[in-house]
Every structure is written in C-alpha cells, then in structure tokens.
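Enquirer: pasting the sequence and the predicted coordinates here, then a few questions.
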Amino acid sequence: MLHCLSQTQTLPLSLDQAWAFFSDPANLSRITPGWLSFRLTCAPPASMCAGQILTYTVRQIPMLRLRWVTEITQVRAPFFFVDEQRCR
C-alpha cells in the first residue's frame, strides 16, 4: 500500500530561502526529532536531482539503529521534491 504525506506550512522566508534549506540533506538532522538520533551516512550532494540516493540511520528504540535509504524521484526547484523510502 502506498502512503502519501502532504503538509502545508507558511514560513516567514522567501521561496528561494526555504528551498535552500529544505533541499539540503545536511539540514535533515535539524528538522528530525532528536530522539531519533538521525545521522546522514552519505556525503551530502551539492544540489538535489531526481535519481539521487541518500542513506542515513535513525534510532527508533534504544540500542537499535536502523539504516534507511531514500531516493529523490522528482524535483521541481524551487517548488517541490518527492522522496521515496527504499528497502536496503
């Protein structure tokens, strides 16, 4: 079953400023709850593009670190990108 999460939020920033922040994988740890102990395990790319693969780990419960893989499947800068979780 495919699950889709869609959210809208108004920010006191320009579209270009918001895109620069949210399209940079290095910022994922800043927007992920601290209790997940998010850690990017690949080199952050210089820019986002379709087909890009990102790897990272999260800790959902103590003593269990999970490896996740995300593929960027669509990019329409500076409006949106789509990322899909992949099995590793």
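Expert: Arrived safely, thanks for sending. Residues are numbered from 1 along each chain as shown.

Enquirer: use CA for all of it now, contacts and neighbours both
Expert: Fine.

Enquirer: how many neighbours does residue 87 have?
Expert: Burial of residue 87 is recorded as 7 neighbouring residues (other Cα atoms under 10 Å).

Enquirer: how much space between it and residue 53?
Expert: Noted for residue 87: a distance of 12 Å to residue 53, by Cα to Cα, to the nearest Å.

Enquirer: next one: residue 2
Expert: For residue 2, the distance to residue 53 equals 20 Å [Cα to Cα].

Enquirer: and for residue 36?
Expert: Counting by Cα to Cα, the gap from residue 36 to residue 53 is 20 Å.

Enquirer: and what of residue 8?
Expert: 25 Å.

Enquirer: could you do residue 59 as well?
Expert: The spacing between residue 59 and residue 53, counted by Cα to Cα, is 20 Å.

Enquirer: again, but for residue 41
Expert: Look at residue 41 and residue 53: by Cα to Cα, they are 11 Å apart.

Enquirer: higher neighbour count, residue 2 and residue 53?
Expert: Ranked by neighbour count (other Cα under 10 Å), residue 2 and residue 53 place residue 53 first, with 18 against 3.

Enquirer: pretty sure the more buried one is touching residue 69, no?
Expert: Yes. Using Cα atoms under 8 Å, residue 53 is in contact with residue 69, at 6.9 Å.

Enquirer: centre of the chain to the edge, which residue is at the far end?
Expert: residue 63 (23.2 Å; Cα atoms, centre = their mean).

Enquirer: tell me the contacts of that one?
Expert: Contact partners of residue 63, counting by Cα atoms under 8 Å, 6 or more residues apart in numbering, are absent.

Enquirer: please name the residues that touch residue 40.
Expert: Counting by Cα under 8 Å, 6+ apart, residue 40 touches 25-26, 29, 54-57.

Enquirer: could you redo the last one with a cut-off of 7 Å?
Expert: Applying Cα atoms under 7 Å, 6 or more residues apart in numbering, we find residue 40 in contact with 55-57.

Enquirer: repeat that for residue 65.
Expert: 57-59.
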